[in-house]
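Asks: Whatever this is, show me its structure:
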Amino acid sequence: MRSRFEFPEIEGKAKWNSEKYSFLHPNRRSAWTVLTTAENIKDIYKFVDQNAGDAADDSRKFQHTLIQQGANALESLYWLTKYHQYNAARGRARYLYETYLILRGLNRDRKRAAQKWEETRQEARDVSSQSDIKPLERQTQALHDLRKEERKRIEREFGDTDAYKEFWRLLSDRGSHPTSIRGSLVDGRHSVESEDSLYRTGLVLAFGLATQYICSFSGTEMRWPIQKRADHVIVETKLILQPQGLPTFLKDELYFWDPIRWRSPFID
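Replies: Predicted coordinates:
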């Protein structure tokens, strides 16, 4: 049995076996872009947090909170993939997808988003005076309902397509269910294919998060400053994702992929 004093040796072995992403690595461009994209989204969040002022009203506060969580999940996806923990990385990819769904639902109905934020704020006040109330229960339920609604909306339109089935299989099979026997055979050994698939999926969803964050501030003076900073994220992800392009369920974001050909339902 290993002693805790052997920790440096065990950790060093894991580091040695992880990917170094040198110029010769087949997935270096994707790996570099995933990690820098996570950092860039965090920087956009910080910029908005410091400068939004009244533009970050109740109809946009949930979105502002979620974008930071999404950036953290993307960064976690990078580190898990680098260390060949592909099942756990798929779990982070699913987290990113569901964050995207909630952002989309909030932007689709900002009046509802504002109402849910006010209910959450009121519950937080109640918690301070009544210890038997579960904290932020309304927030959890409100976001859970939005996630389900947006997923059903996408599945009604794209659920029968092979592309969406493959995308959902990637997120829901080995990444989320320990009952999948084949999933136990994946972790620990480097797989160029799994690595490439995870990084591309992360960048697809990072594109979705970044564009929905722009849409969150549509109609305010913050819209263009956010887009100016997010354009770098959009361009970098496009460079990796082309020529395959975006999954069809991201059709509402095609405006940012090719603004000449498409319009976004979220932009005023």
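Asks: Give the rounded mean pLDDT of the strand or helix carrying Glu195.
Replies: Using DSSP states H and E, the element containing Glu195 is helix 192-216. Average pLDDT, helix 192-216: 96.
Asks: low-confidence ranges in the protein?
Replies: Low-confidence segments of the chain (pLDDT under 70): 126-140, 173-186, 260, 268.
Asks: what sits against the residue nearest the centre of it?
Replies: The centre of the chain sits closest to Leu96, judged by CA atoms, centre = their mean, with a distance of 2.9 Å. Going by CB atoms under 8 Å, 6 or more residues apart in numbering, Leu96 touches Gly70, Ala73, Leu74, Leu77, Gly202, Leu205, Ala206, Leu209. From N, CA and C alone the C-beta is placed, and that goes for glycine too.
Asks: Now which of the residues you listed would you call buried?
Replies: Gly70, Ala73, Leu74, Leu77, Gly202, Leu205, Ala206, Leu209 (16 or more other CB atoms under 10 Å).
Asks: and the closest residue to the last one other than its chain neighbours, what does it touch?
Replies: With CB to CB, 6 or more residues apart in numbering as the criterion, Leu209 has its nearest non-adjacent residue at 4.5 Å, and that residue is Gly70. In this structure, Gly70 makes contact with Ile41, Leu96, Thr99, Tyr100, Leu103, Leu205, Ala206, Leu209, judged by CB under 8 Å, 6+ apart.
Asks: one more time with 7 Å
Replies: Counting by CB atoms under 7 Å, 6 or more residues apart in numbering, Gly70 makes contact with Ile41, Leu96, Thr99, Leu209.
Asks: Now for Gly245, how many residues are close by?
Replies: 13 (other CB atoms under 10 Å).
Asks: Now name the helix or strand holding it.
Replies: Going by DSSP H and E, Gly245 is not part of any helix or strand.
Asks: Please report how far it lies from Ala52.
Replies: Separation of Gly245 from Ala52 (CB to CB, to the nearest Å): 32 Å.
Asks: now swap in Leu101 and tell me
Replies: 23 Å.
Asks: Mind checking which of the two has more residues around it?
Replies: The neighbour comparison of Leu101 against Ala52 (other CB under 10 Å) goes to Leu101, with 23 against 19.
Asks: wait, isn't the more buried one in contact with Arg151?
Replies: Yes. Leu101 is within contact range of Arg151, at 5.6 Å (criterion: CB atoms under 7 Å).
Asks: Counting neighbours, what do you get for the nearest residue in space to Leu171 that is not next to it in sequence?
Replies: Among residues not flanking Leu171 along the chain, Arg94 sits closest, at 4.2 Å (CB to CB, 6+ apart). Per other CB under 10 Å, the neighbour tally for Arg94 reads 19.
Asks: element containing Arg94, please.
Replies: Short version: Arg94 belongs to helix 86-108, going by DSSP H and E.
Asks: what's whatever helix or strand comes next after that helix packed up against?
Replies: The C-terminal neighbour of helix 86-108 among helices and strands, as given by DSSP H and E, is helix 110-129. Helices and strands touching helix 110-129, by 3 or more CB pairs under 7 Å, 6 or more residues apart in numbering; DSSP states H and E, are helix 61-82, helix 137-158.
Asks: Contacts for the last one, please.
Replies: In this case it means helix 137-158. By CB under 7 Å, 6+ apart, helix 137-158 touches 98, 101-102, 104-106, 116, 119-120, 123, 164, 248-249.
Asks: Among those residues, the buried ones, what's the ChimeraX command?
Replies: Burial among the contacts of helix 137-158 is assessed by 16+ other CB under 10 Å; the matching ChimeraX selection reads:
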select :98,101,102,104,105,106,116,120,123,164,249
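Asks: Can I get the contacts of helix 137-158 in a markdown table including distance to Ile240?
Replies: Below are those laid out as a markdown table (distance: CB to CB, whole Å):
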| residue | distance to Ile240 |
| --- | --- |
| Glu98 | 22 |
| Leu101 | 22 |
| Ile102 | 25 |
| Arg104 | 22 |
| Gly105 | 27 |
| Leu106 | 27 |
| Lys116 | 35 |
| Glu119 | 40 |
| Thr120 | 36 |
| Glu123 | 41 |
| Tyr164 | 21 |
| Thr248 | 18 |
| Phe249 | 19 |
